[in-house]
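> Sequence below, structure please.
(one chain, ligands or ions: 1)
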Amino acid sequence: MNAPHAVAAVEAAVRARTGLVLEGTRRDDLESAVREVLHDAAPEQWAETLRTDTQLFDRVVAAITIGETYFFRDPDHFAYLRDEFLPALRAREPGRTVEAWSAGCSTGEEAYSLAILFDQAATPVHVLATDISRTAIAKAKAAVYGRWSLRGDAARLVGEALRPASHADTFAVIPRIKERVRFAHLNLVEGDLGARLPARGMDVILCRNVLIYLEPQAIRRVARRLFDALADGGVLITGPSDPLLGEAAPFVCDYTPSGVRYTKGPHKTTVAAPALPEFIDAAPPPPPLPPQVPAPVEPPVEPPVLLQDETAELTALRAQANSDATGAVQAAAAAAKLHPKSREIPFLEAILLMNLGRLAEAEVVLRRLIYLDPSLAVAHFALGNLRLRSGDLAGARRAFKAAGQAASALPADEVLALSDGETAGQMVTAAARLTGDDKTARGAAQ
Ligand SMILES: C[S@@+](CC[C@H](N)C(=O)[O-])C[C@H]1O[C@@H](n2cnc3c(N)ncnc32)[C@H](O)[C@@H]1O
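Okay, here's the model as predicted:
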């Protein structure tokens, strides 16, 4: 067997066991890694040697994985955990120790960021951190980092949790934070968490910038395993460039400019009364009823009480939506007639319709809204998400593109109408990612 064939055989073996797809120069990296690790073996022995020797296999995998990471990467994710997820969890179960998992933790910055975040929030936490690379895990356990791991806003966000270490320009994680994190070697595709999985499951899983490197079948498998590992009400957060997982398991998906949040089970992860997420709170549509089952009779809906003031109207609608979504839809439709200039009321109506799985009606409302005001980037974005759910990928792409165009007409730091504080710049990035126009976002993840 010549070297190209031997490399191809090793690549196939690596892909089968880890899901890792190696493109372009990363194939060359694989060959270099194999030559280094199996220095005296003939190419025709490579695949077999790696199949039977787990340690050598792990060393090759460690050499080809991309471990780029830093503290508090994607700060929005941590802000969400601190400001929304944690208060909701505390309200549900006061005093509970949070179970968190950094899946694909690389050299540990993400796992320690979780421990720091919950420490700063005075909340007990167990952080499990796993990676397929034993080299990365060893570095993570050492918990000593250079300035590059603290780039961006990280140096500020870590606070007092890192202290200057003995080597010049390095910083060590303080013991109180270190002891909250347990590291373990784990291949997400085929490894078993076993006893490390807490009995009730994980409250928080970060699996960011890991799945982007895996083949579709492995992505689905890992998504399903992560879903199974979540506690009821637990949340999985992926990275902004990661593949969408909504089809792989029955998650409730929240599409946000900084990536998708996937929740398991009935509990909402936000506490705000209207529970309106950043763009969409898209519960999976209910399964179709078998033909012999008569359509359920909807309970009679009280005639809506209309308020003159639009803000008061919205507050009332949101409060009603928490307990009676169907009634709130009716009330919103009536209120939209009373407030024909309102953008928020029909948008809320569309979101509620989507949450109820009434996608065709939601599309009509959104399109009417966009007709009235084509500059509403958030409405275009919601339409894109709606079409994604309907399986209309081309239509979704058009809507995301329109969202990006509408947002790019605004100053990057302008907060978008109908948003929960997202800026035009964030929208441009999110739209580019979803339309596949953003080559730099993928590059940045590496
Ligand atoms: C780019 S790093 C991401 C680190 C961190 N999650 C972040 O977002 O900053 C990707 C990590 O995924 C790990 N990884 C890749 N395939 C994996 C697999 N099949 N099982 C577990 N970890 C894997 C790599 O070893 C690498 O450390």
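> from here on, contacts and neighbour counts on C-alpha atoms
Fine.
> Let me see the contact set for Arg151.
70-71 (C-alpha atoms under 8 Å, 6 or more residues apart in numbering).
> Need phi/psi at it.
Dihedral angles of Arg151 (phi, psi; degrees, to the nearest 10) stand at phi -70, psi 170.
> per-residue confidence for it?
Arg151 is assigned 94 on the pLDDT scale.
> One more: Glu23?
The predicted structure scores Glu23 at 75 on the pLDDT scale.
> Surely it is in a helix?
No - counting by DSSP: H, G, I helix; E, B strand; the rest coil, Glu23 is not found in a helix; it is coil.
> Please report how far it lies from Tyr213.
The spacing between Glu23 and Tyr213, counted by C-alpha to C-alpha, to the nearest Å, is 10 Å.
> what's the answer for Pro374, then?
37 Å.
> more neighbours, the two?
For Pro374 against Tyr213, the residue with the higher neighbour count under other C-alpha atoms under 10 Å is Tyr213, and the figures read 20 against 15.
> Angles on the backbone of the more buried one, please.
The phi and psi torsions at Tyr213 (degrees, to the nearest 10) take the values phi -90, psi 0.
> Identify the residues contacting it.
Under the criterion of C-alpha under 8 Å, 6+ apart, the neighbours of Tyr213 are 19-22.
> any idea how far it is from Gly104?
For Tyr213, the distance to Gly104 - C-alpha to C-alpha - is 11 Å.
> beta partners of Ile205?
Taking DSSP bridges, one finds Trp101, Leu236 as the beta-bridge partners of Ile205.
> Identify the residues contacting it.
Residues touching Ile205, when contacts are defined by C-alpha under 8 Å, 6+ apart, comprise 100-103, 226, 230, 234-237.
> tell me the two of those that are most distant?
Ala103 and Gly234 (14.5 Å; C-alpha to C-alpha).
> which residues of the stretch 1-150 of the chain score low on pLDDT?
With pLDDT under 70 as the threshold, the stretch 1-150 of the chain has low-confidence stretches at 1.
> Do a quick rundown of the strands in it.
Along the stretch 1-150 of the chain, counting by DSSP state E, counting those that start in this stretch, strands occupy 98-103, 125-131, 144-146.
> So which of these is nearest the ligand?
strand 125-131 (4.1 Å; C-alpha to the nearest ligand atom).
> got the domain boundaries for the chain?
Following automatic domain parsing, one finds the domains of the chain at 3-64, 75-271, 310-444.
> For His380, give me its contacts.
Counting by C-alpha under 8 Å, 6+ apart, His380 makes contact with 366, 370, 399-400, 402-403.
> wait, what's in contact with Val173?
For Val173, the contacting residues are 112, 143-144, 161-163, taking C-alpha under 8 Å, 6+ apart as the criterion.
> quick one: which of those residues has the most company?
Comparing these on neighbour count, Tyr112 comes out first with 28 neighbours (neighbours: other C-alpha under 10 Å).
> Test my guess that it contacts Pro175.
No - checked against C-alpha atoms under 8 Å, the pair Tyr112 and Pro175 is beyond contact range at 11.1 Å.
> tell me the mean pLDDT over stretch 258-269?
Model confidence over stretch 258-269, given as mean pLDDT, is 76.
> and the strands of the stretch 1-150 of the chain as CSV, adding distance to the ligand?
As requested, the strands of the stretch 1-150 of the chain are arranged in CSV below (distance: least, C-alpha to the nearest ligand atom, whole Å):
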stretch, distance to the ligand
strand 98-103, 7
strand 125-131, 4
strand 144-146, 14
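> CSV please, covering the ones you listed and showing distance to Leu186.
Supplementary listing: the strands of the stretch 1-150 of the chain in CSV, determined by distance: least, C-alpha to C-alpha, whole Å:
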stretch, distance to Leu186
strand 98-103, 9
strand 125-131, 5
strand 144-146, 22
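> Between those strands, which one is closest to Glu31.
Of all these, it is strand 125-131 that lies closest to Glu31, at 22.0 Å by C-alpha to C-alpha.
> Report the angle between that closest one and strand 98-103.
10 degrees (axes from the mean of the first three to the mean of the last three C-alpha atoms, to 10 degrees).
> How far off centre is strand 125-131?
In terms of C-alpha atoms, centre = their mean, to the nearest Å, the centre of strand 125-131 is found 17 Å from the chain centre.
> what does stretch 371-383 give?
Here the centre of stretch 371-383 is set off from its chain's centre by 24 Å, with C-alpha atoms, centre = their mean.
> Show me what counts as buried in that stretch.
By neighbour count with 16 or more other C-alpha atoms under 10 Å, stretch 371-383 contains the buried residues 375-383.
> Start and end of that stretch, how far apart?
Its start and end residues considered, stretch 371-383 measures 12 Å (C-alpha to C-alpha).
> what pLDDT, on average, does it get?
88.
> Which residue would be the closest one in the stretch 251-400 of the chain to the ligand?
With C-alpha to the nearest ligand atom as the measure, the residue in the stretch 251-400 of the chain that lies nearest the ligand is Gly259; the distance is 11.8 Å.
> Who does that residue form a beta bridge with?
With DSSP bridges as the criterion, Gly259 is bridged to Thr256.
> got a list of what it touches?
Remark: with contacts taken as C-alpha under 8 Å, 6+ apart, Gly259 is in contact with 237-242, 430.
> Go again with 10 Å.
Gly259 is in contact with 74, 76-77, 208, 237-244, 430, 433, counting by C-alpha atoms under 10 Å, 6 or more residues apart in numbering.
> what does the stretch 151-300 of the chain have sitting close to the ligand?
186-189, 207-210 (C-alpha under 6 Å from any ligand atom).
> Would you format those residues as TSV with distance to Glu11, secondary structure and neighbour count included?
Supplementary listing: those in TSV, determined by distance: C-alpha to C-alpha, whole Å; DSSP: H, G, I helix; E, B strand; the rest coil; neighbours: other C-alpha atoms under 10 Å:
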residue	distance to Glu11	secondary structure	neighbour count
Leu186	20	coil	19
Asn187	16	coil	20
Leu188	18	coil	25
Val189	16	coil	21
Cys207	24	coil	21
Arg208	23	coil	24
Asn209	21	coil	23
Val210	18	coil	26
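> Cool, thanks, talk later.
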